[in-house]
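A.B. asks: Need coordinates for the below:
(chains A and B, ligands or ions: 2)
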Amino acid sequence: MAFHVRKSTAKIIPHFRNGMSFLGSLEMGFLNSYSTHLRSTSFAAHKIGTRVLGSENIPAHLSARRFESIKVGKQVASVNDDRDNQVLEFPGGKVKFTPKLSFIPDREEERIPCFRVLDDHGQPSIYSNFTQVSKEIAMKMYNDMVTLQTMDTIFYEAQRQGRISFYLTSLGEEAINIASAAALSLDDLIVPQYREAGVLIWRGFTLREFASQCFGNKYDYCKGRQMPVHYGSKRHNYFTVASTIASQIPHAVGAAYSMKMDKRDACAVTYFGDGGTSEGDFHAALNFAAVLEAPVLFICRNNGWAISTPISDQFRSDGVVVKGRAYGVCSIRVDGNDALAVYNAVRAARKMAIQEHRPILIEALTYRAGHHTTSDDSTRYRPAEEMEWWRVAKDPVSRFRKWIESNGWWNNEAEAELRSSLRKQLLEEIQLAERSEKPPVADAFTDVYDVPPSNLQEQEKWLRKTIKTHPQDYPSNFPL
Amino acid sequence: MLPTPLDLYTQTLRGLASQWWWPAVFKPLHFPQISRLIGSNPFQRSNSINAGQSNLSLEKKMWGIVRQKVGAGASSIPALQRIRPAASSSRYYSSAAKEMTVRDALNSALDEEMSADPKVFLMGEEVGEYQGAYKITKGLLEKYGPERVLDTPITEAGFAGIGVGAAYHGLKPVVEFMTFNFSMQAIDHIINSAAKTNYMSAGQISVPIVFRGPNGAAAGVGAQHSQCYAAWYGSCPGLKVLAPYSSEDARGLLKAAIRDPDPVVFLENELLYGESFPVSAEVLDSSFTAPIGKAKIEREGKDVTITAFSKMVGYALKAAELLSKEGISAEVINLRSIRPLDRATINTSVRKTNRLVTVEEGFPQHGVGAEICTSVVEESFGYLDAPVERIAGADIPMPYAANLERMAVPQVEDIVRAAKRACYRAVPLAATG
Ligand SMILES: Cc1ncc(C[n+]2csc(CCOP(=O)(O)OP(=O)(O)O)c2C)c(N)n1
Ligand SMILES: [Mg+2]
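C.D. replies: Ligands and ions are numbered 1, 2, ... in the order given. Now for the predicted structure:
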């Protein structure tokens, strides 16, 4: 590392207690070794550029390639054609020389466009070559979007009443949740963030299962170990939610790599927010997915906000979609509030990922219509008009409803009936989950390891003994 | 292929699925607030956000925000001014002892150090516009501007590294982690960069940085949000590790940490932020600091020594109160500093009481209690009249379910029982002797 001590930073010099001479030599040393490094690099390039090589005579550092998709032989064979030296043969392909000193601009003049099928009135674009969904799929999509919306509303209120410690909604992001799930196969592994409960709804996770998790009762699949909304179900191929932002993204790449090794007709699908793309994990994941040629879909829900941080404080690029190219990943931007657009984009992406062994990045533009979580009051940092506009003019559920209504598949009575039956069901499930027994004491100690080691067995014995001798110190309403 | 973690996970789920059982009938309970909601706009929020919530559940909010009633009222006045009408009016202190919350103590410490030293700046997720996830940095953006109160993208490794670089170059960053759980993303910079550079550069490059934020178990936030890092960072040479309990600790130690030339890990506790403590005029003075490496005897006693830090000091004090009713006089030591550890104060106390109970919320193995126990065994073995009792969190990741969570963290009764064990074990001996 070099320390550039500029004159203007003279005030910091006392911190470098022995003065500058050492730093001077440190910097020199750094430059020396760096230039040696540069020299050796250009030496290598020189060799590649001038020697005529047969394919059996590939330089060692190129032959290390593992996948045929990189056409090493061809590259090397064409070296001869460039007698006038207008291109540099460089690992990865020819690089043209240019006499023009110019920098790549920080962004394109026009922002990357956004794929949309349905306009705000629920009318499909006549230009779009989208795949129509069947009535059956469309009805399930709508049903599940309304289910998600209703569940969110009621669970949110239950938290407000102090019945659960925490909740967060997917309000405004119903289309991304449900339409992406609809475009996937149940064999695809979901590696979620936390705002994708709708994928579970699509896959048949019941309202009772949701309520059991939020109330942390003994029927919860994770034995009352996770915060509310941190669902997980192996049966639904849905990985347990992690609280640490973005840590799921590289996990999905690892899982996808394993699926590819197994030659499975499936991919891994990970979801994350705009905020998550600032974590190093996102960048490592994209890069590795490209290098490993892993069948993974990166679905970014760009909802404009990460708690109170607007995307303008998160990144200065044209959103997230442009980051794919830097890592060699195919990418698309899609209207996240248009269920048909999301469905089509994810379907096409899935096909490419599996058939071509490649990662795909999908940036879905949307808006977090609710508060970040029950710990948040977003009116303190967002203009009310902004929230209102997205909720009313851009609501993905009503846009999709307009479309199914215009197809003659839905009407007001069906709507009223669906919503009221969902509410009734949800209220019942909440009461039931609340009254169900909490997980037993034994559940505190299992699964720390595959088999509880002796120290944990002792700990449990000790705890049971203490509860027995001092029952007044422990809550009485849980099973021993 | 090797079994993946997911396969192991399936086995667990399969086991559970067979227990699936539901009572056949149940009577719906009255559910007034939800039924009020039925038929209304699903997006409409209740206006009184805190309705029906206890103070505790308000306090236990994770990364989110400790919600306070919004409004232009008293709450929008910077904390410091609530305590003192003018920043320098020391006359104000001479009146009777004031109360101050830990939140205001931290806020005023930051404010005073920023105002005293232009090299001090703050950085972290949501510390500026939002005034901190827990409102510790309230009013500071307004007062010091966006160059000294920096909102960062969600990149803990990034802003920790940038903070360390700024410290190398003469600034004094105070880096906030929304909670210390997220410092895990940045631990390389805390340990490999911050803690070691002064040593590796033979003292040429000091790293005057403070990493601060809530640490340890909150309530109802599960395994990945409820962990104590005292032992983790406490085991690393080059770092100083502080854990305040009261408002006096918070003010004195944070000011000392910012002025200190070494990197300091400053472990706060979310559940203490809203607690008020009496503060003396001396503590409120802007020159006040608490010494790093010195423990504080919170309560004197002669029968048993109880060591604790952070929130557990409050529990130890409550336990001491209960013990006094049974004729046991407990001495409570507030460690304040995990590294350096004030071995002298601990050993002096144990030599007086001859019994020791250590309390911490973190995991027992290789914990702070283990270190204290070793110190006492090494230096005061001959003075011990009973085995050392160690109270710690359960040796499991934190469960979410309220009943299991309660059993996974130390309770006041646990401390009382341990102290009694330590004493009663010795008492019969003394009686027969
Ligand atoms: C490593 C880490 N840092 C910080 C947090 C605190 N945190 C929780 S959610 C969140 C914002 C995430 O925003 P985004 O990725 O855009 O998702 P959204 O909530 O908008 O769906 C933050 C900073 C965390 N959970 N993990
Ligand atoms: Mg977001």
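
A.B. asks: Tell me which residues touch residue A:395, please.
C.D. replies: A:172, A:337, A:369 (Cβ atoms under 8 Å, 6 or more residues apart in numbering or on different chains). Backbone N, C-alpha and C define where each C-beta goes, glycine included.

A.B. asks: The last one: how many residues sit nearby?
C.D. replies: What it means is residue A:369. Neighbourhood size, residue A:369 [other Cβ atoms under 10 Å in any protein chain shown]: 26.

A.B. asks: Which residues are in contact with whichever residue of the stretch 51-200 of chain A sits closest to ligand 2?
C.D. replies: Here the stretch 51-200 of chain A gets closest to ligand 2 at one residue, residue A:195, 8.2 Å apart by Cβ to the ion. Counting by Cβ under 8 Å, 6+ apart, residue A:195 makes contact with A:168, A:169, A:170, A:173, A:177, A:271, A:273, A:301, A:368.

A.B. asks: Distance of the closest residue to the last one other than its chain neighbours relative to ligand 1?
C.D. replies: I take that to be residue A:368. Distances taken as Cβ to Cβ, 6 or more residues apart in numbering or on different chains place residue A:303 nearest to residue A:368, at 4.0 Å, with adjacent residues excluded. The spacing between residue A:303 and ligand 1, counted by Cβ to the nearest ligand atom, to the nearest Å, is 5 Å.

A.B. asks: Got phi/psi on residue A:303?
C.D. replies: phi -100, psi 20 (degrees, to the nearest 10).

A.B. asks: so it touches residue A:372, yeah?
C.D. replies: No - using Cβ atoms under 8 Å, residue A:303 is not in contact with residue A:372, being 10.0 Å away.

A.B. asks: And the one residue in the stretch 201-350 of chain A that gets nearest to ligand 2, how far from residue A:391?
C.D. replies: Using Cβ to the ion, the closest approach of the stretch 201-350 of chain A to ligand 2 is made by residue A:273 at 3.4 Å. Separation of residue A:273 from residue A:391 (Cβ to Cβ, to the nearest Å): 19 Å.

A.B. asks: Pick out whichever of the two has more residues nearby.
C.D. replies: More crowded of residue A:273 and residue A:391, by other Cβ under 10 Å: residue A:273, with 27 against 19.

A.B. asks: Helices of the stretch 51-200 of chain B, start to end?
C.D. replies: B:55-59, B:79-83, B:102-116, B:140-144, B:156-168, B:187, B:195-200 (DSSP state H, counting those that start in this stretch).

A.B. asks: which of those helices has the lowest average pLDDT?
C.D. replies: Of all the helices of the stretch 51-200 of chain B, helix B:55-59 carries the lowest average pLDDT, namely a mean of 33.

A.B. asks: Quick check: residues of chain A near ligand 2?
C.D. replies: Residues of chain A lying near ligand 2 by Cβ under 5 Å from the ion: A:273, A:274, A:275, A:303, A:306.

A.B. asks: among those, which are in strands?
C.D. replies: Among the residues of chain A next to ligand 2, DSSP state E puts A:273, A:306 in strands.

A.B. asks: Please render the residues of chain A next to ligand 2 as TSV that adds distance to residue A:90 and pLDDT to the earlier fields.
C.D. replies: Putting these into TSV (distance: Cβ to Cβ, whole Å; pLDDT from 0 to 100) gives the following:
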residue	distance to residue A:90	pLDDT
A:273	36	98
A:274	34	98
A:275	36	97
A:303	40	98
A:306	38	97
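
A.B. asks: ok now do the residue nearest to residue A:368, which residues does it touch?
C.D. replies: Applying Cβ under 8 Å, 6+ apart, the residues contacting residue A:303 are A:172, A:173, A:273, A:274, A:336, A:366, A:367, A:368.

A.B. asks: pLDDT score assigned to residue B:289?
C.D. replies: 98.

A.B. asks: Which helix or strand contains it?
C.D. replies: According to DSSP states H and E, residue B:289 maps onto no helix or strand at all.

A.B. asks: quick one: contacts for whatever residue of chain A ends up closest to ligand 1?
C.D. replies: Among the residues of chain A, residue A:273 lies closest to ligand 1, at 2.2 Å counting by Cβ to the nearest ligand atom. By Cβ under 8 Å, 6+ apart, residue A:273 lies in contact with A:193, A:195, A:245, A:300, A:301, A:302, A:303, A:306.

A.B. asks: Go again with 10 Å.
C.D. replies: Residues counted as contacts of residue A:273 (Cβ atoms under 10 Å, 6 or more residues apart in numbering or on different chains) are A:173, A:193-195, A:245-246, A:300-307, A:311, A:314, A:320, A:368, A:372, B:154.

A.B. asks: show me where the stretch 251-400 of chain A has strands.
C.D. replies: A:268-273, A:296-302, A:305-306, A:309-310, A:330-335, A:360-365 (DSSP state E, counting those that start in this stretch).

A.B. asks: Show the average pLDDT along the longest one.
C.D. replies: Taken as a whole, strand A:296-302 has an average pLDDT of 98.

A.B. asks: Sheet partners, orientation included, of it?
C.D. replies: Sheet pairing here is set by DSSP bridges, and for strand A:296-302 it gives strand A:268-273 (parallel), strand A:360-365 (parallel).

A.B. asks: Output that strand as CSV - backbone C-alpha positions only.
C.D. replies: Extracted C-alpha coordinates of strand A:296-302, given in CSV (Å, rounded to 0.1, in the frame of the first residue of the first chain):
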residue,chain,number,x,y,z
VAL,A,296,-29.0,-18.5,-11.3
LEU,A,297,-31.5,-15.6,-11.6
PHE,A,298,-30.7,-12.5,-9.7
ILE,A,299,-33.9,-10.7,-9.1
CYS,A,300,-33.4,-7.2,-7.8
ARG,A,301,-36.5,-5.6,-6.4
ASN,A,302,-35.5,-2.0,-6.9
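
A.B. asks: how far does that strand sit from the chain's center?
C.D. replies: The chain centroid and the centroid of strand A:296-302 are separated by 5 Å, computed with Cα atoms, centre = their mean, to the nearest Å.

A.B. asks: could you check the angle strand A:330-335 makes with that strand?
C.D. replies: Interaxial angle, strand A:296-302 versus strand A:330-335 (axes from the mean of the first three to the mean of the last three Cα atoms, to 10 degrees): 40 degrees.

A.B. asks: Which residues of chain A lie near ligand 1?
C.D. replies: Within chain A, the positions lying close to ligand 1 (Cβ under 6 Å from any ligand atom) are A:195, A:243-245, A:272-276, A:301, A:303, A:305-307, A:368, A:372.

A.B. asks: Throw together a ChimeraX command that grabs the buried residues out of those residues.
C.D. replies: In ChimeraX, a selection of the buried entries from the residues of chain A next to ligand 1 looks like this (16 or more other Cβ atoms under 10 Å in any protein chain shown):
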select /A:195,243,245,272,273,274,275,276,301,303,305,306,307,368,372
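
A.B. asks: dump the residue contacts of residue 232.
C.D. replies: This is for chain A. A:190, A:192, A:200, A:213, A:220-222, A:225-226, A:238-242, B:6, B:9, B:13 are the contacts of residue A:232 under Cβ under 10 Å, 6+ apart.

A.B. asks: ah, no, chain B please
C.D. replies: By Cβ under 10 Å, 6+ apart, the contact set of residue B:232 is B:180, B:183-184, B:187, B:190-191, B:215, B:239, B:241, B:265, B:362-363, B:366-367.

A.B. asks: Out of these, which is nearest to chain A?
C.D. replies: Nearest to chain A among these: residue B:184, at 7.4 Å, using Cβ to the nearest Cβ.

A.B. asks: residues near that closest one, how many?
C.D. replies: 18.

A.B. asks: got it, and residue A:137?
C.D. replies: Per other Cβ under 10 Å, the neighbour tally for residue A:137 reads 14.

A.B. asks: What is the host helix or strand of it packed up against?
C.D. replies: Residue A:137 is part of helix A:135-160, with elements assigned from DSSP H and E. Secondary-structure packing of helix A:135-160 (3 or more Cβ pairs under 10 Å, 6 or more residues apart in numbering or on different chains; DSSP states H and E): helix A:174-183, helix A:197-202, helix A:207-215, helix A:339-356, helix A:396-406, helix A:412-435, helix B:32-37.
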